[in-house]
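Q: mind folding the following:
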Amino acid sequence: MISDDISKIPLEQAEFCVLDVETTGLTPRSNGVIEIGMVKVKGFKIVDRYSTLVNPGRPLPYYITQFTGITDDDIFNAPFFEEVADEVSGFITGTVLTAHNLPFDRSFINKEFLLTGREKLNNPQLCTVRLSKRLFPELKSKSLNSLCSYLKIKLENAHRALPDAEATAEILIRILKRLNNNKEAETLSDLLSLQVFPSKKETKIKISKHLKEDVYSLPEAPGVYYFLNSRRKVIYIGKAKSLSKRVRSYFLLTAPRKAKKIIKQTKRIKYEVTNSELIALLSEAELIKMINPRHNYMLKHYGNKYFLRINKTHTFPDIDISNKFDFDGNDYFGLFVSKKKAEIIYEVINKAFTLRECTQQEFSKNKRCFLAEIERCTAPCETKDNALYDDELDKAYEFLYGRNQNILNRLLNKMKFYSERMKYEKAGEIKELIDLI
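A: This next block holds a predicted model:
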């Protein structure tokens, strides 16, 4: 979160830490940092530098050595990240974290900090790629090499952390001077907003200071957000996996027409953090029903997101797949990112538990069906045995809650049963279900 004190700092007084990292690969999930370069900028000039190699604890891929020039011999006696973590943290503290393609460098540094038991970075953040898209639209490429060539900045020993950080710092300084001289941005808040909000030349939408502060206060966490109009009335409710990223997307020039229409009427933004995206989804549905904002539909459909619904309004509940959630007395499990994934679990339940699969019209005939004959259903339409059916339903609930041992035992017994009777095709089907679980 950016405090008012930080956001009001004049550009010439703001302190920036320009970061560049070299890594063993492209994704932090399975790769690590091998070199860190940092440059501190204040008063439109470079005031400090920091650089270190880092031992990732693994051999370097051949293509990384070819790309950076860093070899296994170079990193053999280099410190591990945990040995330099305090130095890195101290250099960054109190600055605006800046990088060319910031999400890449930030994701690797945050991973390294988490592995050493530290918190993720929460500094104000600035991406020179995003700024360049605003300020240099005539450039087809916004790569570091392209910008350095365009601004006549020397880039020597490219793809090493400190030289790349120094070049990025020089780009930042040019940008800061231009914005300050042309009165396009005078404070840190003005500068940061250029990453998200269109300039006055690009849009006629007036974005208030309070609205900008609301956007920058949004965390990168799941939750529910509210758009309020000038009368403080909620006009739209949404959910997000990352509140910050989702809400900022409304202000992009490429945002859908509906988003731009909502922004024109929005004066403030409020939010509530939730523990997961699923909780945010359920909260959104409930809040839409309670408040009924003008830009939301009362019955929320989730498109390609699906639930398994247990229809408890029936005496003998069945299970189906739905892309709509409602507070209607039924139980919903999910969420599934595709219908195919929902169908896989639906098939497991149908083959592992003897719950009814018939429609209400078929059930009302009170006649046993084929599934009952092959012991895939307890035939509640005929027996009316609530205790037997409820016991089977409870086992299905256990499975949906993630307690899988009971269903595994049951399926293993079925597979053994079919194998002993040389019904190998059916046994194979059961094995596939076991593998899925």
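
Q: pull the CA atoms of stretch 113-132 into PDB?
A: Coordinates of the C-alpha atoms in stretch 113-132 are reproduced here as PDB (Å, rounded to 0.1, in the frame of the first residue of the first chain):
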ATOM      1  CA  PHE A 113      12.900 -13.800   0.100                       C
ATOM      2  CA  LEU A 114      10.100 -16.300   0.800                       C
ATOM      3  CA  LEU A 115      12.600 -19.200   0.800                       C
ATOM      4  CA  THR A 116      14.700 -17.400   3.500                       C
ATOM      5  CA  GLY A 117      11.600 -16.900   5.700                       C
ATOM      6  CA  ARG A 118      11.100 -13.200   4.800                       C
ATOM      7  CA  GLU A 119       8.100 -11.300   3.600                       C
ATOM      8  CA  LYS A 120       7.500 -10.300   0.000                       C
ATOM      9  CA  LEU A 121       8.500  -6.800  -1.100                       C
ATOM     10  CA  ASN A 122       5.800  -4.200  -0.500                       C
ATOM     11  CA  ASN A 123       7.600  -1.200  -1.900                       C
ATOM     12  CA  PRO A 124       5.900   1.200  -4.300                       C
ATOM     13  CA  GLN A 125       6.700  -0.300  -7.700                       C
ATOM     14  CA  LEU A 126       7.500   1.200 -11.100                       C
ATOM     15  CA  CYS A 127       7.900  -0.600 -14.400                       C
ATOM     16  CA  THR A 128       9.900   1.200 -17.100                       C
ATOM     17  CA  VAL A 129       8.400  -1.000 -19.800                       C
ATOM     18  CA  ARG A 130       4.900   0.200 -18.900                       C
ATOM     19  CA  LEU A 131       6.100   3.800 -18.700                       C
ATOM     20  CA  SER A 132       7.700   3.500 -22.100                       C
END
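
Q: how about it: buried residues?
A: Using 16 or more other Cβ atoms under 10 Å as the test for burial, stretch 113-132 gives 113, 121, 123-132. Any C-beta I mention is one placed from the backbone N, CA and C, and that applies to glycine too.

Q: of those residues, closest to Lys183?
A: For the buried residues of stretch 113-132, the minimum distance to Lys183 (Cβ to Cβ) is 16.7 Å, reached by Leu131.

Q: OK, contacts around that closest one?
A: Contacts were defined as Cβ atoms under 8 Å, 6 or more residues apart in numbering; by that measure Leu131 touches 175, 194-195.

Q: next step: the residues you listed restricted to helices.
A: Among the contacts of Leu131, DSSP state H puts Ile175 in helices.

Q: could I get the contacts of Leu131 as a markdown table with pLDDT?
A: As requested, those are exported to a markdown table (pLDDT from 0 to 100):
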| residue | pLDDT |
| --- | --- |
| Ile175 | 94 |
| Leu194 | 83 |
| Gln195 | 81 |
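
Q: so Tyr226, which state does it fall into?
A: For Tyr226, the reduced secondary structure class is strand; criterion used: DSSP: H, G, I helix; E, B strand; the rest coil.

Q: Ser193 versus that one, what's the distance?
A: From Tyr226 over to Ser193 the distance is 21 Å, taken as Cβ to Cβ, to the nearest Å.

Q: ok, those two, which is more surrounded?
A: When Tyr226 is set against Ser193 and neighbours are counted by other Cβ atoms under 10 Å, the residue ahead is Ser193, at 22 against 19.

Q: pretty sure the more buried one is touching Lys212, no?
A: Yes. Taking contact to mean Cβ atoms under 8 Å, the distance of 5.2 Å between Ser193 and Lys212 places them in contact.

Q: how many other residues sit next to the residue nearest to Leu281 when sequence neighbours are not counted?
A: By the measure of Cβ to Cβ, 6 or more residues apart in numbering, the closest residue to Leu281 outside its immediate chain neighbours is Lys239, 5.3 Å from it. Lys239 is surrounded by 24 other residues when neighbours are defined as other Cβ under 10 Å.

Q: so Lys239, which of the three states?
A: Criterion first, three-state DSSP; result for Lys239: strand.

Q: one more: Val41?
A: Here Val41 is strand, with the state taken from three-state DSSP.

Q: quick check: bridge partners of it?
A: Phe16, Ile46 (DSSP bridges).

Q: show me the contacts for it.
A: Listed by Cβ under 8 Å, 6+ apart, the contact set of Val41 reads 15-18, 47, 98, 169, 172-173, 176.

Q: which strand or helix spans Ala342?
A: Secondary-structure element containing Ala342, defined by DSSP states H and E: helix 339-352.

Q: now the element after that helix, going C-ward?
A: helix 360-363.

Q: what is that following helix packed up against?
A: Contacts of helix 360-363 with other secondary structure elements, assessed using 3 or more Cβ pairs under 8 Å, 6 or more residues apart in numbering; DSSP states H and E, are made with helix 380-383.

Q: any idea how far Phe336 is from Phe67?
A: For Phe336, the distance to Phe67 (Cβ to Cβ) stands at 40 Å.

Q: so if I had to pick from the two, which one is more boxed in?
A: Neighbours around Phe336 and Phe67, counted as other Cβ under 10 Å, are more numerous at Phe336. The numbers are 21 against 12.

Q: please name the nearest non-neighbouring residue to the more buried one.
A: Nearest residue to Phe336 in three dimensions, chain neighbours excluded: Ala342, at 4.0 Å (Cβ to Cβ, 6+ apart).

Q: wait, that neighbour sits on Phe307?
A: Yes. The pair Ala342 / Phe307 is scored as a contact, 7.4 Å apart, by Cβ under 8 Å.

Q: overlap in contacts of the two?
A: Shared between the contact lists of Ala342 and Phe307 (criterion: Cβ under 8 Å, 6+ apart) are residues 321, 334, 336.

Q: give me the lowest-pLDDT entry from these.
A: Taking pLDDT as the measure, those have their low point at Gly334 (78).

Q: quickly find the element holding it.
A: Element membership for Gly334 (DSSP H and E) is strand 331-336.

Q: which elements pack onto that strand?
A: Contacting strand 331-336 under the criterion 3+ Cβ pairs under 8 Å, 6+ apart are the following elements: helix 277-291, strand 306-310, helix 339-352.

Q: do that again at 7 Å, thanks
A: strand 306-310 (3 or more Cβ pairs under 7 Å, 6 or more residues apart in numbering; DSSP states H and E).

Q: the strand it packs on pairs with which strands, parallel or anti?
A: Looking at strand 306-310 with DSSP bridges, its partner strands are strand 319-322 (antiparallel), strand 331-336 (antiparallel).
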